[in-house]
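Student: Sequence first, then the predicted structure, then my questions.
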Amino acid sequence: MSLFKQPKIRTRFAPSPTGYLHVGSLRTALYSYLFAKQKKGKFILRIEDTDQTRAVNGAVENLLQALTWAGLTVDEGIIEKNGKTAEKGRFGPYKQSERLKIYQKYAQKLLKTGQAYYCFCSPSRLETLRHQQEQVKQPTRYDGHCRHLSEEEINQKLKTNQSRVIRMKVPENQTLEFTDGVRGQLTFNTKDIDDQILIKSDGYPTYHLASVVDDHLMGISHIIRGEEWLSSTPKHILLYLALAWPVPNFVHLPLLLNPDKSKLSKRQGDVAVEDYRRQGYLPEALINFVALLGWNPGTDQELFSLAELIEKFNLNKINKSGAIFDLKKLDWMNSQYLKKIAPARFAELAKPFLQKRFPQFDFNNQQIPLAEILALEQTRISRLDQLGTETEFFFNAELTYPPELLIWKKSSAAATRKNLTLLTERLVNCPETDWTIAKLEEQIKQLITANNLTNGELLWPMRVALTGQAKSPPPFEVAMILGPERTLKRLTIASKKLAE
């Protein structure tokens, strides 16, 4: 069976409002977006909320915020307008819960043409059937008990308002072929396909009917979704054929896997876009990383702008095998983007993270040169939530460290205190105009040479006195940023620690 090729490219992202946007769903949205933009088509956002028991308040708003943050602009469907959700386009409503009459219409059409039927089986009967099939190790499926009820029996049950569903009457023992954009040509036999439920007993449609009806009425040309829906595709194609509708193109994306090859899930760690945003990953880095989870550009290039992704993306280069979600790779990629952004933007992004780490610090009124501190960290961190980890000594009024940390290797407390005194006396007489990294380094190295000291004997206690840490940026840079007053105060405190 050849797939119908529609002239206009229209893709859709159709999540359920069950919580925050999963990073796997972000990849689905991204691939749909890239393909549509590359082909000058439209990217549609539809909300599949027919399962009201799983709907989460605020999930749609969170979804829109995540897509906006990631830079994926919706052309049609559910959008954000003036801080609220709204709709854009002529194929709405774009929430399935508002389209129930539409699904009922097409379900009734299938009933009239004999391609669907009412099923009145009780939950207890279906449970007994499932148990019996499991006992003999048969696939669990509906046995067609109501498939051949007479019209009189059906009408009698409808008159007494007996609980029912509408099932599709799947053709018996027919071969069904279709071409998937990732896996190529696939063949199914209808004997392996269950008589799926189309309308549930509460009047709501199942995913199968609702998605097919919506994709057709909204003119979707390419359905890009996770491979977990691959087994449902024959059911959907049967619905297209039953309704005499053209079949769209299907593209099923490989799973996202943990390093241990298990399916990426919340139990294994953070999987929501909001988690990565909260940790300080840049949207362009996350998008770049996610784009390469299953897609290979065929070159050695690893860093792509969104515009480059649109230009180079190719559905034919999507891998069949699952993609490993390597957090170390994401960290590296994010660090590359952090290094490249302008200092002004870096400062803007950094402030909320620093304020959270140091709530007692007034970032608006302090005299500390924040730009210089951030310059020290911009090339060292891989996530924004790491800010302040190695430079917290700039923001803390007092440092806490054991006195013995000041002592260099086999030196003594007395010798270290003497060296700190020499350093303090030299810096007291240093003009403020000479308080630069180069001048400080020149003076202190002269002091080391004049007193026949090693670098470690003076620079080590200087580093610890100014930072309280064994590892930190170079002490000359730290002293320059702290300024004369705070530097001299910390050197004096260090000397007193050694005297106690």
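Tutor: Done, it's in.

Student: Tell me which helix or strand the closest residue to Leu72 other than its chain neighbours sits in.
Tutor: Using C-beta to C-beta, 6 or more residues apart in numbering and skipping the chain neighbours, the partner closest in space to Leu72 is Tyr33 (4.8 Å). C-beta coordinates here come from the backbone N, C-alpha and C atoms, glycine included. For Tyr33, the host element (DSSP states H and E) is helix 23-38.

Student: can you list contacts of the following helix or strand past that helix?
Tutor: Later in the chain than helix 23-38, the nearest helix or strand by DSSP H and E is strand 42-45. Strand 42-45 is touched from outside by 8-14, 32-33, 36-37, 64, 67, 72-79, 89, 94, 218, 220, with contacts defined as C-beta atoms under 8 Å, 6 or more residues apart in numbering.

Student: Of these, which belong to strands?
Tutor: 10-13, 76-79 (DSSP state E).

Student: of those, closest to Trp460?
Tutor: Phe13 (56.1 Å; C-beta to C-beta).

Student: can you pull the contacts of the nearest residue to Ile9 once chain neighbours are set aside?
Tutor: The shortest distance from Ile9 to any non-neighbouring residue, by C-beta to C-beta, 6+ apart, is to Gly41 (3.0 Å). With contacts defined as C-beta under 8 Å, 6+ apart, the neighbours of Gly41 are 8-11, 35, 221.

Student: Any of the residues you listed buried? List them.
Tutor: By neighbour count, with 16 or more other C-beta atoms under 10 Å, those hold 9-11, 35, 221 as buried.

Student: ok, of those residues, which one's closest to Thr424?
Tutor: The closest of these, once distances to Thr424 are taken by C-beta to C-beta, is Phe35, at 65.5 Å.

Student: What score does the closest one have for pLDDT?
Tutor: Reported pLDDT at Phe35 in the predicted model: 98.

Student: wait, isn't it in contact with His222?
Tutor: Yes: counting by C-beta atoms under 8 Å, His222 is a contact partner of Phe35 at 6.4 Å.

Student: Now the common contact residues for these two.
Tutor: Taking C-beta under 8 Å, 6+ apart as the criterion, Phe35 and His222 both touch 9, 11.

Student: so Leu186, which of the three states?
Tutor: strand (DSSP: H, G, I helix; E, B strand; the rest coil).

Student: about what we covered before: out of the ones in strands among the contacts of strand 42-45, which one sits closest to Glu153?
Tutor: Of the ones in strands among the contacts of strand 42-45, the one sitting nearest to Glu153 (C-beta to C-beta) turns out to be Arg12, at 40.1 Å.

Student: Check the gap between that closest one and Glu48 for me.
Tutor: Distance of Arg12 to Glu48, computed by C-beta to C-beta, to the nearest Å: 10 Å.

Student: out of the two, which sits in the more crowded spot?
Tutor: Arg12 (26 against 18; other C-beta atoms under 10 Å).

Student: okay if I get the contacts of Gly41 as a markdown table plus distance to Gln185?
Tutor: Shown next, in a markdown table, are those (distance: C-beta to C-beta, whole Å):
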| residue | distance to Gln185 |
| --- | --- |
| Lys8 | 25 |
| Ile9 | 22 |
| Arg10 | 24 |
| Thr11 | 22 |
| Phe35 | 21 |
| Ser221 | 19 |
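
Student: Tell me which two of those residues sit farthest apart.
Tutor: Lys8 and Phe35 (12.8 Å).

Student: contacting residues around the closest residue to Ala70 other than its chain neighbours?
Tutor: Of all residues not flanking Ala70 in the chain, Pro283 sits nearest, at 5.0 Å (C-beta to C-beta, 6+ apart). Applying C-beta under 8 Å, 6+ apart, we find Pro283 in contact with 69-71, 277.

Student: Pull out the buried residues from the contacts of strand 42-45.
Tutor: Here, 16+ other C-beta under 10 Å leaves 9-14, 32-33, 36-37, 64, 67, 72, 74-79, 89, 94, 218, 220 buried among the contacts of strand 42-45.

Student: Can you list the neighbours in contact with stretch 127-144?
Tutor: Taking C-beta under 8 Å, 6+ apart as the rule, stretch 127-144 contacts 119, 121, 126, 167, 192, 194-195.

Student: and Asn173, that one's in a helix?
Tutor: No: the assignment for Asn173 is coil, going by three-state DSSP, so no helix is present there.

Student: Model confidence for it, exactly?
Tutor: So Asn173 comes in at 89 (pLDDT).

Student: so it makes contact with Asp192?
Tutor: No: Asn173 lies out of contact with Asp192 (C-beta under 8 Å); the separation is 9.9 Å.

Student: ok, these two, which is more surrounded?
Tutor: Ranked by neighbour count (other C-beta under 10 Å), Asn173 and Asp192 place Asp192 first, with 13 against 8.

Student: what sits against the more buried one?
Tutor: Pro139.

Student: i'd like the first residue to be 339 from this point on
Tutor: All set: I'll call the first residue 339, so the last point we hit is now Asp530.

Student: Could you list the buried residues of stretch 530-543?
Tutor: So, applying 16+ other C-beta under 10 Å, buried residues of stretch 530-543: 531, 533-537, 542-543.

Student: and those, which two are the farthest apart?
Tutor: Ile531 and Tyr542, at 21.9 Å, using C-beta to C-beta across the buried residues of stretch 530-543.

Student: Which segments of the protein make up each domain?
Tutor: 679-732, 741-837 (automatic domain parsing).

Student: Turn those domains into JSON lines, including distance to Ser549 and mean pLDDT.
Tutor: Below are those laid out as JSON lines (distance: least, C-beta to C-beta, whole Å; pLDDT from 0 to 100):
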{"stretch": "domain 679-732", "distance to Ser549": "37", "mean pLDDT": "88"}
{"stretch": "domain 741-837", "distance to Ser549": "55", "mean pLDDT": "94"}
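
Student: got CSV for the ones you listed, with distance to Tyr578 and mean neighbour count too?
Tutor: Below are these laid out as CSV (distance: least, C-beta to C-beta, whole Å; neighbours: other C-beta atoms under 10 Å):
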stretch, distance to Tyr578, mean neighbour count
domain 679-732, 45, 16
domain 741-837, 63, 17
